[in-house]
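Participant: Please find the sequence and the predicted model below.
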Amino acid sequence: MLVAAAVCPCPPLLVPEVAAGAAPELDAARAACTDAIGVLAAARPDRLVVVGPAEQSGRGWHTQGARGSFRGFGVDLGVRLGAPAAHEGADGLADGAADRELPPSLAVAGWLLGRTEWSAAPLDGLGVGEPLGAERCIQVGGDIATRADRVALLVMGDASACRTLKAPGYLDERAAGFDAAVARALGAADVEALKGLDEQLAYELKAAGRAPWQVLAGAAEGAGLRGELLYEEAPYGVGYMVAAWS
């Protein structure tokens with residue numbers, strides 16, 4: 001059963017070494033993420049599942065201790081998704097696990113968990129693709145909620161990338177309304193509103209968080225959690241939101 005969830009944005013710019021001189025601009029977002037992860041730890045889960053958007057190579061399950069890096073963003077910095085599990089071999093991989101690099105969203109999650117020294121529960125990661133439909137996302141979320149008696153979710157994903165003329169997706173007048181609706185849903189732990197997000201509109205607005213948020217909706221169904229929106233800004237024309245459910 002889902003007992004807590006944290007929703008965080010996943011731009012590599014959250015990592016100060018990647019952001020370089022612009023790092024202070026996201027200090028408030030980092031602080032909010034730390035607070036949200038603190039809510040997860042306080043819930044004392046039996047298992048943490050980290051969910052984030054991924055391209056084809058990064059989709060599917062990633063084991064605890066899986067490696068990622070920010071070399072693709074010009075920084076020679078490696079991270080792991082939590083500390084390696086006790087049953088891992090000398091190569092740092094669980095028995096039978098594929099040696100796949102984490103997608104960027106889960107690498108950012110690994111960095112966030114590392115700075116909070118996460119040790120509250122075993123964990124694994126799931127990379128989900130943009131084409132994953134709402135119905136399947138909800139089903140996956142429901143399955144995740146049954147992985148342990150007390151499950152927590154760390155959900156990575158950005159809102160629209162079309163809030164300003166200089167945004168990655170240029171300015172789209174629909175973006176502000178879409179992001180406002182997502183913010184309301186995350187702040188209120190409104191499962192039905194997240195389930196009903198328009199897949200096509202999210203795709204057109206480059207909202208990478210849509211599928212992970214709908215996985216959250218599936219996991220949270222019937223859990224009766226309450227939400228709090230901790231952060232909402234669009235500093236680079238991309239909607240970044242942080243929320244905590246408990």
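Facilitator: Yep, it's here.

Participant: Please enumerate the strands of the protein.
Facilitator: Counting by DSSP state E, the chain has strands at residues 2-8, 47-53, 60-62, 67-69, 78-80, 123-128, 151-156, 227-233, 240-245.

Participant: If we ignore the residues flanking it in sequence, what's nearest the residue sitting nearest the centre point of the chain?
Facilitator: Of all residues in the chain, the one closest to the mean position by C-alpha atoms, centre = their mean is M156, 1.1 Å from it. Excluding the flanking residues, the one nearest M156 by C-beta to C-beta, 6 or more residues apart in numbering is G52, at 3.5 Å. Glycine gets a C-beta too; all of them are placed from N, C-alpha and C.

Participant: Okay, angle between the top helix by length along the chain and strand 227-233 too, please.
Facilitator: Scanning the chain for the longest helix, with DSSP state H as the assignment, gives helix 27-42. Interaxial angle, helix 27-42 versus strand 227-233 (axes from the mean of the first three to the mean of the last three C-alpha atoms, to 10 degrees): 160 degrees.

Participant: which of the residues in helix 27-42 are buried?
Facilitator: Along helix 27-42, the positions that meet the burial threshold by neighbour count (16 or more other C-beta atoms under 10 Å) are 29-30, 32-37, 39-41.

Participant: same thing with stretch 72-91?
Facilitator: For stretch 72-91, using 16+ other C-beta under 10 Å, the buried residues are 73, 75, 77, 79-85, 88.

Participant: can I get those in CSV with distance to A202 and pLDDT?
Facilitator: Output for the buried residues of stretch 72-91, formatted as CSV (distance: C-beta to C-beta, whole Å; pLDDT from 0 to 100):
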residue, distance to A202, pLDDT
F73, 24, 95
V75, 29, 95
L77, 30, 96
V79, 27, 97
R80, 30, 97
L81, 25, 97
G82, 29, 94
A83, 34, 89
P84, 35, 86
A85, 34, 73
E88, 37, 46
